[in-house]
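Student: show me the folded form of this:
(one chain, ligands or ions: 1)
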Amino acid sequence: MIKKIEDMFFLEGKGFSYVMRISREGYLLHDWFGKKIAPVAYGEDPRGWWCVQTEGADGACLDELRQEYPAYGHTDLRRPAVSVGPGGLALKYDSHRIYPGKPELPGLPSALPDGAETLTVSLRDKDAGVRADLNYTVYENYGVLCRSAVITNESGGVITLDRAFSASVELPRCDLSEIHLHGSWGRERHIAENRLAPGVYDISNARGGSGHQINPFVIIKDIEANEDGGFCLGVMPVYSGNHSTEIEVDQRGRARVNSGINPFMFEKALKPGESFAAPECLLAVGDGLGELSRTFHDFIRDRICRGRFAHAERPILINNWEATYMDFDEEKLLSIAGLAKELGIELFVLDDGWFGKRNNDRCSLGDWVVNLEKLPSGIDGLAKKVNALGLKFGLWFEPEMVSPDSDLYRAHPDWAISSGTRSPGLGRTQLVLDLTRAEVQDYVINAVNSVLDSANIEYVKWDMNRYITDMPRKGFNHEYTLGYYRVMGEIVNSHPNVLFEGCSAGGGRFDAGVLCYMPQIWTSDDTDPMERVYIQYGTSLAYPPSAMGSHVTDGPNQYTRRPVSMKTRGDVALSGNFGYELDITKLPAEDLDAIKAQTALCRELRRTVEYGDFYRLSSPFKNNVGGWMSVEKDKSRAYVTLTKMLFRPNSYFTHIRLKGLDPNARYTDKFTGRTYMGDMLMNRGILVDFPHGDFVTYTMWLIKE
Ligand code: GLA
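Tutor: Below is the predicted model:
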């Protein structure tokens, strides 16, 4: 619902109101984003007493006003949402439009329009010749507000944008903290929380992709807000390039939040009449972190992910990477696939090493032609043999890259990104293709498509294993990101029956932009379940389990050397898109039996895990136990996973209250046969009966009677 009443705009989505007003001088002001309030006009906020005032000709001091899309330099000296260089802007309301659906943002992914209603407010600075069209989209059935901004040059000369955030929200007070997801390779999306004091916080990344280090998702919350209650605001740019969420807490104790493209090293020149679209940004409020996460999960599953796999149960896969690395032949692969079929696995994925002369990671990226020495019957022949065993076949690519030792590089050395002043930096001995150029995009599209069209490939793992250095100009990273989106769009749209999984040296590009093309992403190369408890717990703040790839690998884990039982490895991996990544042909019989049981269990519970409501129960960042549960939407089934890190003699009991169940229903735990009432599990809770030892799990598979 969107209504204009007097000088106010009231927007409503599921469970929230978003309110703006046009000030007496014509500025578009932010008024409220939170729980629903009735759409009835009310008086303006007091402007307060201000001693060292800067005042425009219209009498307004913009520094004092909570604006929807602020600019710097005129009478507002805080961090702006938009900037066209010094001199500043004074954007005033010009017109608005309310309409069903939502506008497309040229070249950018964005949420699906079904069930949407949009308000576009046009702001103008007539003196500067700049127009900003602010889009606000709401859905009756979702608690997410989509915002975007399109800036148009209406002046007679060229203007240069040096920042164009997607959205700005200004909270009236500062007793707040911010939470963001930080990390590194093998340690993605850990949770950091900081109390906000006056100053500027820049939660950003400038590494080319959205990055392992800082994820494009930030929560601003009441200091006291916790998992189950308290004001929480989440912002998530639908963007895979350099991003920033900037929070300025000002002298008056208000917190301004700008989110979108990172202004650092960004610039866009606009000729007269030209427009620039900033990516979409998703905003949601929740009463508690749990509710906020569930709002994002539902929206991501239904309006960000698309295509035939968005709501499909995801296949149980086996990937050969940690089993063979690049040292394989057809016989080895088929021996894994054959046994995998017997164990209940559904998809065989051939990872890196199948093309060019790729026997190590120092060559051949860009040469997407099968290595017939390793695979004499080609990809087509291998796919047929895997299919004949009763498995689907999937393939790994890293299409954005080129190795200096490759035929592609020898033919087109200028296709690699380079600043032009020195040899570009290498990452994993590889360079990045310049996807800002149409001919390079076309090469990548044709190279990948021709492999996909040559065989029955039903799954693709799309990797990106380095950061982007040596970018030749400001604004390049955004152009690259648009190129990446064009390439992804063309390939994905022409292969609707292929399930795509994103990857970037593990989970280095885990964002809502990627999820518009690929409904699942490899969460981390670190599959040690103890590490995964942190990684998956942190990732769940923003993203649903259906987006997270999680596999069972060797024990002891190849990276951490931590010995963890097959049971614990399986239990933790079962909380996402399940699979295996180890040489099953070398496992003892009891592990093979365990795998058979795990795949059978996965088939039983994956719909609940992938598409149920997700509740966090115990934070591994605060406790010795990490825990969560998924509850089927109709509350008929629930899968609970609790993982204990270290055993300590005579330590405290673990008391856990379950969440999200039907209080009046009786549930049977299929693992123990015990029955419980829903209200008992949620109110009294359980004292968890962990097995003895380190790295152990306690799981429940609750079925309503
Ligand atoms: C990255 C991925 C791995 C694997 C290798 C192959 O590191 O995260 O899963 O695909 O590349 O080179």
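Student: could you identify the longest helix within the chain?
Tutor: Of all the segments of type helix in the chain, defined by DSSP state H, the longest one is helix 589-611.
Student: mind listing what residue 657 touches?
Tutor: 617, 681, 682, 683, 684, 685 (CB atoms under 8 Å, 6 or more residues apart in numbering). Bear in mind the C-beta positions are built from the backbone N, C-alpha and C, glycine included.
Student: for residue 508, see how far away the closest residue to the first one other than its chain neighbours is.
Tutor: Distances taken as CB to CB, 6 or more residues apart in numbering put residue 627 closest to residue 617, at 3.8 Å, once the chain neighbours are dropped. Shown here: residue 627 relative to residue 508, a distance of 27 Å by CB to CB, to the nearest Å.
Student: the residue of the stretch 1-150 of the chain found nearest the ligand: what's it in contact with?
Tutor: Proximity to the ligand, evaluated over the stretch 1-150 of the chain using CB to the nearest ligand atom, is greatest for residue 109 at 22.2 Å. Residues in contact with residue 109 (CB under 8 Å, 6+ apart) are 238, 280, 485, 489, 513, 516, 517.
Student: tell me the phi and psi of the first one?
Tutor: Geometry field for residue 238 lists phi and psi as phi -80, psi 80, criterion degrees, to the nearest 10.
Student: so residue 47: helix, strand or coil?
Tutor: coil (DSSP: H, G, I helix; E, B strand; the rest coil).
Student: meant to ask about residue 102
Tutor: Put simply, residue 102 is coil when judged by three-state DSSP.
Student: when you give positions from now on, start the count at 53
Tutor: In the new numbering, first residue 53, that becomes residue 154.
Student: give the contact list for it.
Tutor: 162, 163, 165, 168, 170, 187, 189, 198.
Student: report the central residue of the protein.
Tutor: For the chain, residue 563 is the residue whose C-alpha lies nearest the centre (CA atoms, centre = their mean; 2.5 Å).
Student: ok, that one to residue 274 distance?
Tutor: 26 Å.
Student: likewise for residue 524?
Tutor: Taking CB to CB, one finds residue 524 at 44 Å from residue 274.
Student: the more surrounded of the two?
Tutor: Remark: of residue 524 and residue 274, residue 274 carries more neighbours, 16 against 13, as counted by other CB atoms under 10 Å.
Student: is it true that that one touches residue 227?
Tutor: Yes. When contacts are counted by CB atoms under 8 Å, residue 274 is listed as touching residue 227 (6.8 Å).
Student: what's the average pLDDT for the helix or strand hosting residue 370?
Tutor: Per DSSP states H and E: residue 370 is located in strand 369-371. Across strand 369-371, pLDDT averages out at 98.
Student: in that strand, which residues are buried?
Tutor: Using 16 or more other CB atoms under 10 Å as the test for burial, strand 369-371 gives 369, 370, 371.
Student: what residues are up against residue 341?
Tutor: Residues in contact with residue 341 (CB under 8 Å, 6+ apart) are 231, 271, 273, 277, 278, 279, 284, 593, 668.
Student: and those as JSON lines, adding neighbour count and secondary structure?
Tutor: Putting the contacts of residue 341 into JSON lines (neighbours: other CB atoms under 10 Å; DSSP: H, G, I helix; E, B strand; the rest coil) gives the following:
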{"residue": "231", "neighbour count": "21", "secondary structure": "strand"}
{"residue": "271", "neighbour count": "26", "secondary structure": "strand"}
{"residue": "273", "neighbour count": "23", "secondary structure": "strand"}
{"residue": "277", "neighbour count": "22", "secondary structure": "coil"}
{"residue": "278", "neighbour count": "13", "secondary structure": "strand"}
{"residue": "279", "neighbour count": "18", "secondary structure": "coil"}
{"residue": "284", "neighbour count": "26", "secondary structure": "strand"}
{"residue": "593", "neighbour count": "22", "secondary structure": "coil"}
{"residue": "668", "neighbour count": "19", "secondary structure": "strand"}
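Student: relative to residue 318, which of the residues you listed is nearest.
Tutor: Nearest to residue 318 among the contacts of residue 341 is residue 271, at 24.1 Å by CB to CB.
Student: ok and the residue in the stretch 203-352 of the chain nearest the ligand?
Tutor: Closest approach between the stretch 203-352 of the chain and the ligand, counting by CB to the nearest ligand atom: residue 237, at 8.2 Å.
Student: what does the stretch 653-757 of the chain give?
Tutor: When distances are taken as CB to the nearest ligand atom, the stretch 653-757 of the chain reaches nearest to the ligand at residue 654, 20.2 Å away.
Student: ok, then the element right after the strand holding residue 370?
Tutor: Immediately after strand 369-371, counting by DSSP H and E, sits helix 373-376.
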